[in-house]
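Colleague: Next comes the sequence, and after it the predicted model I'd like to discuss.
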Amino acid sequence: MTRHRFFPVAVAVLSAGWLVPLWMGVDIYLTFWQIEGWPLLRGEHPGNSFSFIQFAASCFKVSFVWLGMVICFWSYVGYAAFTRSRVV
């Protein structure tokens, strides 16, 4: 892949990459309700040592920090393009 193609692909992947940890967090949260939450509501006590909620919370934190950085980056790019194109 040439350099002039690599940069736009990298920017696109980094801009949309925050969706992966968000998807993982939602999936883990729903898995918690399937494996532990629903049996607890039925009075059963499943024996599972994996901390679903803590891992899902970590995924959400990573996702939203990443999203914040993407928003800051694109805000800077938009502001720079706006100020460059203004005629004084």
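Modeller: Cool, the structure landed.
Colleague: pLDDT below threshold where in the chain?
Modeller: Scanning the chain for pLDDT under 70 picks out the ranges 1, 86-88.
Colleague: in it, which helix has the most residues?
Modeller: Secondary structure of the chain per DSSP state H: the longest helix is helix 52-85.
Colleague: Could I get the buried residue list for that helix?
Modeller: Neighbour counts over helix 52-85 (16 or more other CB atoms under 10 Å) mark Phe52, Phe55, Ala56, Cys59, Phe60, Val62, Ser63, Trp66, Leu67, Val70 as buried. All C-beta atoms are positioned from the backbone trio N, CA, C, and that covers glycine.
Colleague: dump the residue contacts of the fourth one.
Modeller: Contact analysis of Cys59 by CB atoms under 8 Å, 6 or more residues apart in numbering lists Pro21, Leu22, Met24, Gly25, Ile28.
Colleague: If you drop the residues flanking it in sequence, what lies closest to it?
Modeller: Gly25 (3.3 Å; CB to CB, 6 or more residues apart in numbering).
Colleague: any idea whether the one you found is helix, strand or coil?
Modeller: Secondary structure, DSSP: H, G, I helix; E, B strand; the rest coil: Gly25 is helix.
Colleague: Hmm, it is touching Ser63, no?
Modeller: Yes. Here Gly25 reaches Ser63: they are 6.3 Å apart, a contact under CB atoms under 8 Å.
Colleague: Need the overlap of contacts for these two.
Modeller: Between them, Gly25 and Ser63 share no contacting residue under CB under 8 Å, 6+ apart.
Colleague: Give the burial count for the residue nearest to Glu36 when sequence neighbours are not counted, as a bare number.
Modeller: The shortest distance from Glu36 to any non-neighbouring residue, by CB to CB, 6+ apart, is to Pro46 (5.5 Å). Counted with other CB atoms under 10 Å, residues neighbouring Pro46 total 10.
Colleague: any idea how far Pro46 is from Gly37?
Modeller: Distance of Pro46 to Gly37, given as CB to CB, to the nearest Å: 10 Å.
Colleague: tell me, what's touching the two both at once?
Modeller: Counting by CB under 8 Å, 6+ apart, no residue touches both Pro46 and Gly37.
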